[in-house]
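>>> Pasting the sequence and the predicted coordinates here, then a few questions.
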Amino acid sequence: MQDTFLNRQALYLRPDPARVIVRPFKPATEPRDLNPTDRQRANHIVDRMLALDSEAAASLLADVLENFLGRHRNLLETFEARADEMEEALAAHGTFSKVQRQLIGAYFLNEYSFEASALFNPSIVPHPDQSGAPKGGLRFILSLRAVGEGHVSSLTFRAGSVTSDGSLEVDPTARLASSPRIKARTPGSIGDNVEVIFKPEEDISERVIFPVTESQSNGIEDARFVEFNDLGRKTYYATYTAYSGRAIRSELMETSDFLSFRMTPLQGAAAHNKGMALFPRKISGKYAMIARQDNENLYLIYSDDLYRWDGGQAILKPEFPWEFVQIGNCGSPIELDEGWLLFTHGVGPVRKYSIGAALLDKNDPLKVLARSREPLLRPEPSEREGYVPNVVYTCGAMKHNDHIILPYAVSDTFSNFATVKISTLLATMKS
């Protein structure tokens, strides 16, 4: 095996079907739902509930709370918020008591096991709050793609720490999970710009960003987070794939604290594909992106506008047998003294995914200084089975002292970590 110099950890992050969020159940309750049969069904549900006397309604609500209260935060508040969303549809039914409104909210919600199938394709960045970090180490945030019923992807998080020598620890996962509140929604020429916000008391591992726009309706996929430094101001950006069930496009997520997130569709020809990764700073005064517009090769693109990406020049093409089908990036480039370290994935025979790397010139990333001729990481025999067999994949690594921390997914099912000394990694790459 070529990846024996990597130190694979035993920090397996596996999907947990017991973790659930509540999502709107929509038998045509919103004004845009025009199917007369479904609207009639929704009205029937409301009418049946209103036919209950006050004592029966109160008893029913108490029973619902007894069954579900320990599974979610602020459940009554969630019920009322759902009823507020349905205000226009409920107007025809007259006035409601508080108990009736809360029951209406309960009837038009359902639990969703957001990571029932998979927890994979991680990326890692330094935590914005370094309090409690080990001496000589740091705190980090890990983003993960979670997949539940219907192959719908959402974004979830974990926190952890790395010591000065590269030893890793992941914080315990919270039992509860929560969706954010939509703070603002602004229509745009190619789709909505949306800002969502979580409550500060919700642990980072509770926070789940579920699709909230039509373009994302079947998934927020493969977020590539990067800590972006613009003249000392640090912002966390993530490029991700929005999937509607029919079409894909690249969008950009922005946060400074992992509590409030803004999601914006990207414009330009390069944004019509997936797998874009932003450099962690401007180069010669311009934003820079690694992208793959043609499903085969990797391109370098510059832009004056963070939200528009066109053109680009091919810098890496399939060259070795383990990447003959296609290559792509595995997260944002990492700045080293020696140049930009770019992790890549290659697809070989029987659609086997492996991870490699390239070193780009720091001042002119069009120049490829070195490249791995053999995979750095590929599926072990024990890691071949899963939702998508024969795949190892990452959406972003992190430099810490003289180590690279590389979280990676196994067979699109669960995630793990590997670490490697930078000097050892560079020594394996050929000019």
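Perfect, thanks for sending it.
>>> check contacts around residue 76.
65, 102 (C-beta atoms under 8 Å, 6 or more residues apart in numbering). Every C-beta, even on glycine, is put in place using the N, C-alpha and C of the backbone.
>>> Got the phi and psi for it?
Main-chain dihedrals, residue 76, degrees, to the nearest 10: phi -60, psi -40.
>>> From residue 82, how far out is it?
Distance of residue 76 to residue 82, given as C-beta to C-beta, to the nearest Å: 11 Å.
>>> and if you look at residue 137?
43 Å.
>>> Ok, residue 6 next?
Here residue 6 is placed at a distance of 47 Å from residue 82 (C-beta to C-beta).
>>> Tell me which residue of this protein is furthest from the middle?
residue 53 (45.3 Å; C-alpha atoms, centre = their mean).
>>> Phi, psi for it please.
phi -70, psi 170.
>>> residues touching it, list them.
Counting by C-beta under 8 Å, 6+ apart, residue 53 has no contacts.
>>> What of residue 229?
Neighbour list for residue 229: 280, 281 [criterion: C-beta under 8 Å, 6+ apart].
>>> Let me know the pLDDT of it.
Note for residue 229: predicted pLDDT of 96.
>>> now do residue 321
You'll see residue 321 listed with a pLDDT of 97.
>>> ok, now how distant is it from residue 196?
When distance is defined by C-beta to C-beta, residue 321 is 44 Å away from residue 196.
>>> Same question for residue 417.
Separation of residue 417 from residue 196 (C-beta to C-beta) stands at 28 Å.
>>> Could you do residue 9 as well?
Residue 9 is 32 Å from residue 196, by C-beta to C-beta.
>>> Counting neighbours around each, name which of these two comes out higher.
For residue 9 versus residue 196, neighbours defined as other C-beta atoms under 10 Å are more numerous around residue 196 (22 against 18).
>>> so the more buried one sits right up against residue 263, yeah?
Yes: here residue 196 reaches residue 263: they are 7.5 Å apart, a contact under C-beta atoms under 8 Å.
>>> Find residues that contact each of these two.
Shared contacts of residue 196 and residue 263, counting by C-beta under 8 Å, 6+ apart, come down to residue 212.
>>> tell me the SS of the most centrally placed residue in the chain?
Nearest to the mean C-alpha position of the chain, by C-alpha atoms, centre = their mean, lies residue 155 at 3.6 Å. What DSSP: H, G, I helix; E, B strand; the rest coil gives for residue 155 is strand.
>>> Might you report the residue contacts of it?
Residue 155 neighbours (C-beta under 8 Å, 6+ apart): 143, 144, 145, 146, 208, 209, 220, 223, 240, 253.
>>> JSON lines for the residues you listed, including distance to residue 349, neighbour count and secondary structure?
Below are the contacts of residue 155 laid out as JSON lines (distance: C-beta to C-beta, whole Å; neighbours: other C-beta atoms under 10 Å; DSSP: H, G, I helix; E, B strand; the rest coil):
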{"residue": "143", "distance to residue 349": "31", "neighbour count": "26", "secondary structure": "strand"}
{"residue": "144", "distance to residue 349": "28", "neighbour count": "25", "secondary structure": "strand"}
{"residue": "145", "distance to residue 349": "26", "neighbour count": "27", "secondary structure": "strand"}
{"residue": "146", "distance to residue 349": "30", "neighbour count": "27", "secondary structure": "strand"}
{"residue": "208", "distance to residue 349": "37", "neighbour count": "22", "secondary structure": "strand"}
{"residue": "209", "distance to residue 349": "36", "neighbour count": "23", "secondary structure": "strand"}
{"residue": "220", "distance to residue 349": "31", "neighbour count": "27", "secondary structure": "strand"}
{"residue": "223", "distance to residue 349": "29", "neighbour count": "25", "secondary structure": "strand"}
{"residue": "240", "distance to residue 349": "29", "neighbour count": "28", "secondary structure": "strand"}
{"residue": "253", "distance to residue 349": "35", "neighbour count": "22", "secondary structure": "strand"}
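>>> Just flag the most distant two among those residues.
Maximum pairwise distance among the contacts of residue 155 (C-beta to C-beta): 15.3 Å, between 146 and 253.
>>> Perfect, I'm done here.
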